[in-house]
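Asker: structure, please.
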Amino acid sequence: MAYIEINKNNLLYNLEKIKNTTNSDILAVIKDNAYGHGILEVASILNEAGIKKVCVRNNFEANLVKKYFEEILVFFPTFEYNSANVSYTISDIKQLKRARHKKIHLKFDTGMHRNALNLDDIDEILELAFSKFEVRGVFSHFCCSDELGCDTFIQLDRFKKLKQKIISYCEKNNYKLPKFHIANSDAIGKIDEYFDYVRPGIAIYGGISGYKPVMSVWGEALKVQTIHKNEAVGYNKKYMFNEDTKTTLIDLGYSDGILYFDKELKLRDTKAVGKISMDSMMVIGEYKKVCIFDDVKEFVKNYPYTITYDILTKLKTHIERKIV
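Answerer: Sure, this is the predicted structure:
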């Protein structure tokens, strides 16, 4: 059966690099099945490594990993009460007015303009939040930290001013100070202040430059056969063979989340040919198993219309994840 290997040592290396670069606590992002790596598998490694706080997408993911961490920040929560170690992101003032779960992080818009509280409403937000809730954190999100430009530093300056305003408000009203965080993966190594937490996602999994790859994807052989010269393979005969060729059919297809192709796909050691099927694809050569990729950064270079995040997160949960 097809499977995914999770390289524990590389994941631990990436965590250590982040710690050494920032000297801040890591609020690890394990949303969307840990970027396809397996949320339970990654949670167990993070727990062993001493990571105490994580971010997830929704309440379902939070419930899966409650036992592993001191705090789980839910980016897109529902409104029911939850465990004491779960915090809800508040990104809209209407959400703040109707939230029931008391432990929250306030997310402010410093330039992304996507899903966050408006700085123009800060006085009302602070009064509502600190009088009714336990505000555990205040954060924002960079929109352009993967580029060289001024936007990141404009946002950083706005966040620093926001932090000072909140500190003054808390000191004046005798409220406990929240933790502050803004740095995502691409901001690490670029900015001059990392605040209380850094919030890496793709860096943990080695999906950007400077970090070691954590995932390798493997398909196993279903059938080995020789396809003769001037014969084609697969739907619509998209790939014609110029000579007799030994091929292997492997047990991965687009229903498993493999990138769709209709002629060929470059793999680590060979290539898949023809049009990919729902549950299988044909590769050149004779194999017992085939590595689709063991470094998503290299794999994605051949396909300019996608990104590493897209490749990783589409891999389906039914594929077995093995920690190695």
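
Asker: for the rest of this, base every contact and every neighbour count on C-alpha atoms.
Answerer: Noted.

Asker: beta partners for residue 55?
Answerer: residue 29, residue 73 (DSSP bridges).

Asker: run a quick neighbour tally on residue 137.
Answerer: Other residues near residue 137 come to 21 when the count uses other CA atoms under 10 Å.

Asker: partner strands of the helix or strand it falls within, parallel or antiparallel?
Answerer: Residue 137 belongs to strand 134-139 when assigned by DSSP states H and E. Using DSSP bridges, strand 134-139 pairs in its sheet with strand 103-107 (parallel), strand 179-181 (parallel).

Asker: what are the buried residues along the shortest one?
Answerer: For strand 179-181, the neighbour count (16 or more other CA atoms under 10 Å) marks 180-181 as buried.

Asker: give me the mean pLDDT for whichever helix or strand comes after it.
Answerer: Following strand 179-181 in sequence order, the next helix or strand is strand 197-198 (DSSP H and E). Taken as a whole, strand 197-198 has a mean pLDDT of 98.

Asker: what lies in contact with strand 197-198?
Answerer: 22, 24-28, 179-184 (CA atoms under 8 Å, 6 or more residues apart in numbering).

Asker: what subset of those residues is buried?
Answerer: 22, 24-28, 180-184.

Asker: switch those residues over to JSON lines; also include pLDDT.
Answerer: Shown next, in JSON lines, are these (pLDDT from 0 to 100):
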{"residue": "22", "pLDDT": "97"}
{"residue": "24", "pLDDT": "97"}
{"residue": "25", "pLDDT": "98"}
{"residue": "26", "pLDDT": "98"}
{"residue": "27", "pLDDT": "98"}
{"residue": "28", "pLDDT": "98"}
{"residue": "180", "pLDDT": "98"}
{"residue": "181", "pLDDT": "98"}
{"residue": "182", "pLDDT": "98"}
{"residue": "183", "pLDDT": "98"}
{"residue": "184", "pLDDT": "98"}
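
Asker: from the contacts of strand 197-198, pick the one nearest residue 218.
Answerer: Set against residue 218, the nearest of the contacts of strand 197-198 by CA to CA is residue 28 (26.2 Å).

Asker: number of nearby residues for the closest residue to the closest one other than its chain neighbours?
Answerer: In this structure, residue 28 finds its nearest non-sequential neighbour in residue 54, 4.5 Å apart by CA to CA, 6 or more residues apart in numbering. Look at residue 54: counted by other CA under 10 Å, it has 26 neighbours.

Asker: quick one: pLDDT of residue 54?
Answerer: 98.

Asker: returning to that earlier point: Throw the buried ones among the contacts of strand 197-198 into TSV and include distance to residue 287, thanks.
Answerer: Shown next, in TSV, are these (distance: CA to CA, whole Å):
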residue	distance to residue 287
22	44
24	46
25	44
26	41
27	41
28	37
180	51
181	48
182	46
183	43
184	40
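
Asker: list the contacts of the residue nearest to residue 61 when sequence neighbours are not counted.
Answerer: In space, and not counting its chain neighbours, residue 61 is closest to residue 31: 7.4 Å by CA to CA, 6+ apart. Residues near residue 31 by CA under 8 Å, 6+ apart: 39, 55-57, 61.

Asker: any chance of those in TSV with distance to residue 320 as columns?
Answerer: Listed next are the contacts of residue 31 as TSV, based on distance: CA to CA, whole Å:
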residue	distance to residue 320
39	12
55	23
56	21
57	21
61	18
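
Asker: count of neighbours near residue 80?
Answerer: 9.

Asker: my bad, should have said residue 157
Answerer: Neighbour number of residue 157 under other CA under 10 Å is 13.

Asker: for it, what is the enclosing helix or strand?
Answerer: Counting by DSSP H and E, residue 157 is part of helix 151-173.

Asker: residue 312 versus the residue nearest to residue 61, what's the distance?
Answerer: Noted for residue 31: a distance of 12 Å to residue 312, by CA to CA, to the nearest Å.

Asker: same thing with residue 253?
Answerer: For residue 253, the distance to residue 312 - CA to CA - is 15 Å.

Asker: of those two, who's got more company?
Answerer: Shown here are residue 253 and residue 312; by other CA under 10 Å, residue 312 has more neighbours (23 against 19).
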